[in-house]
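Participant: Okay, sequence plus prediction incoming.
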Amino acid sequence: MKAIILSLLITFATVIPSWAKQPVVGFVTGASGLGDLSFNDMSYGGVRKAQQEFNFKLIILEPDKSGESTDREFVELIRQCDILLLIGAQHARLVEENAGRYPEKKFILIEVPIEGKDNVSSVAFEQGEGSFLAGALAALMSKTGKIGFIGGTPVPPVRKFETGYVRGARYAVPDIEIKVDYVSPLGDFSGFNLPQKGHALAMNQYRDGADTIFTVAGLTGNGVIEAARRTGKFAIGVDSDQDSLAKGFVLTSMIKKLDVACYAELKAIMEQRFSPGPSFFGLKENGVGLSRMLYTRHLIPDEVLEKISEAREKIIRGEIRIEPEDTAKQPE
């Protein structure tokens, strides 16, 4: 009898994944790393929630100042981990090139949809939908007829923010003027880690008449928010609820629920429900949306809030669509 039980235990052990006792998760942050009070910190919140629930070992890799991890660093991380969670469009190449080389590993990429790889799941957000609402609000609240947008670098996910913002602003106020600046050129991810440059760009836009600036630039956005506070103008935060960073000067934040996505993807793997391919989070899925505006709602007329609510419902019903080619200004 003991021999039979021992044989069964040995057989069972061979079908359990090697990381079943304590899996190891590698978390690769986006540009600017942890402490940005935005993109990375919100994602990390979801990772930590999953870790507390499933007790996995966590190894964190933060990119250098360029915003990218080297191939050597990433390959070393792969060798140590069972699951790799990467956030940011700049990591798509690493996933594309390494997923096939390590079929026994699971890869999760947040921000860019990837199809056709059995060990890769990905999450993309319809940030253009939430940004449409931010643009409409900025335009309706503008007293100068001028608003601004500052992006980290013009990668497709950030361009989707810009597209939605421009479309929403012109939906609400057709003749609104919109100044668009990017902190660094395409391929240079340092633009997400330069708060002083963000501050300087924002000050220029405010001096040129913009009274609200939407910042989609990670840690750089903190400089934009500080410029809003100093000038008495508005900024719009991104990814997490940044309204409290400068109470009364952050009109709203376009929240992208990265924490929910990271937690859900890790939970699925831990519960043996891994599903390769992309999933999408938009207004309908409650994956994006505006903050509660705790410190500015009293400044916003009811009729403006009603127009924003109406636009939201039209997007959910498919009556308003935000397409990439609708962006009015191509980055230089």
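Facilitator: Alright, I've got the coordinates. Numbers count the residues shown, from 1 in each chain.

Participant: For this protein, just list every one of the strands.
Facilitator: For the chain, the strands defined by DSSP state E cover 24-28, 57-61, 83-87, 106-110, 120-125, 146-151, 177-182, 212-216, 234-239, 250-256, 277-281, 288-290.

Participant: So which of those strands is nearest residue 225?
Facilitator: strand 234-239 (4.6 Å; Cβ to Cβ). In this view, the C-beta of every residue, glycine as well, is placed from N, C-alpha and C.

Participant: tell me the mean pLDDT for the closest one?
Facilitator: The pLDDT scores in strand 234-239 average 96.

Participant: and that strand, what other elements does it pack with?
Facilitator: Using 3 or more Cβ pairs under 8 Å, 6 or more residues apart in numbering; DSSP states H and E, the elements in contact with strand 234-239 are helix 39-54, helix 127-141, strand 212-216, helix 220-231, strand 250-256.

Participant: Kindly recompute the last result at 6 Å.
Facilitator: When contacts are defined as 3 or more Cβ pairs under 6 Å, 6 or more residues apart in numbering; DSSP states H and E, strand 234-239 packs onto strand 212-216, helix 220-231, strand 250-256.

Participant: pLDDT wise, what is residue 329 at?
Facilitator: pLDDT, residue 329: 43.

Participant: Please shift the residue numbers so they start at 35 in all later answers.
Facilitator: OK, 35 is where the count begins now, so the last one is residue 363.

Participant: Give me the neighbour count for the nearest residue to residue 280 once chain neighbours are set aside.
Facilitator: Of all residues not flanking residue 280 in the chain, residue 263 sits nearest, at 4.0 Å (Cβ to Cβ, 6 or more residues apart in numbering). Applying other Cβ atoms under 10 Å, we find 16 residues neighbouring residue 263.

Participant: now swap in residue 120 and tell me
Facilitator: 27.

Participant: Surely it touches residue 62?
Facilitator: Yes. In this structure, residue 120 is within contact of residue 62 by Cβ atoms under 6 Å, at 4.2 Å.

Participant: According to the record, where do the domains of this protein fall?
Facilitator: 36-159+293-315, 161-291+322-360 (automatic domain parsing).

Participant: and stretch 241-252, C-alpha only, in CSV?
Facilitator: Extracted as CSV, the C-alpha positions of stretch 241-252 are listed here (Å, rounded to 0.1, in the frame of the first residue of the first chain):
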residue,chain,number,x,y,z
ARG,A,241,2.4,81.4,-21.5
ASP,A,242,1.0,80.8,-25.0
GLY,A,243,-2.5,80.9,-23.6
ALA,A,244,-3.3,77.2,-22.8
ASP,A,245,-5.4,77.0,-19.6
THR,A,246,-5.4,73.2,-19.4
ILE,A,247,-2.7,70.7,-20.4
PHE,A,248,-3.2,66.9,-20.5
THR,A,249,0.1,65.1,-19.7
VAL,A,250,0.8,61.6,-20.8
ALA,A,251,4.5,61.3,-19.8
GLY,A,252,5.0,59.2,-16.6
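
Participant: that older thread, looking at the domains of the chain, which one has the lowest mean pLDDT?
Facilitator: Comparing mean pLDDT across those, the lowest value falls on domain 36-159+293-315: a mean of 86.

Participant: For residue 58, list the residues it contacts.
Facilitator: Applying Cβ atoms under 6 Å, 6 or more residues apart in numbering, we find residue 58 in contact with 91, 115, 116.

Participant: With residue 278 instead?
Facilitator: Residue 278 neighbours (Cβ under 6 Å, 6+ apart): none.

Participant: change it to 10 Å
Facilitator: 71, 271, 284, 287, 325, 328, 329 (Cβ atoms under 10 Å, 6 or more residues apart in numbering).

Participant: Fine by me, thanks again.
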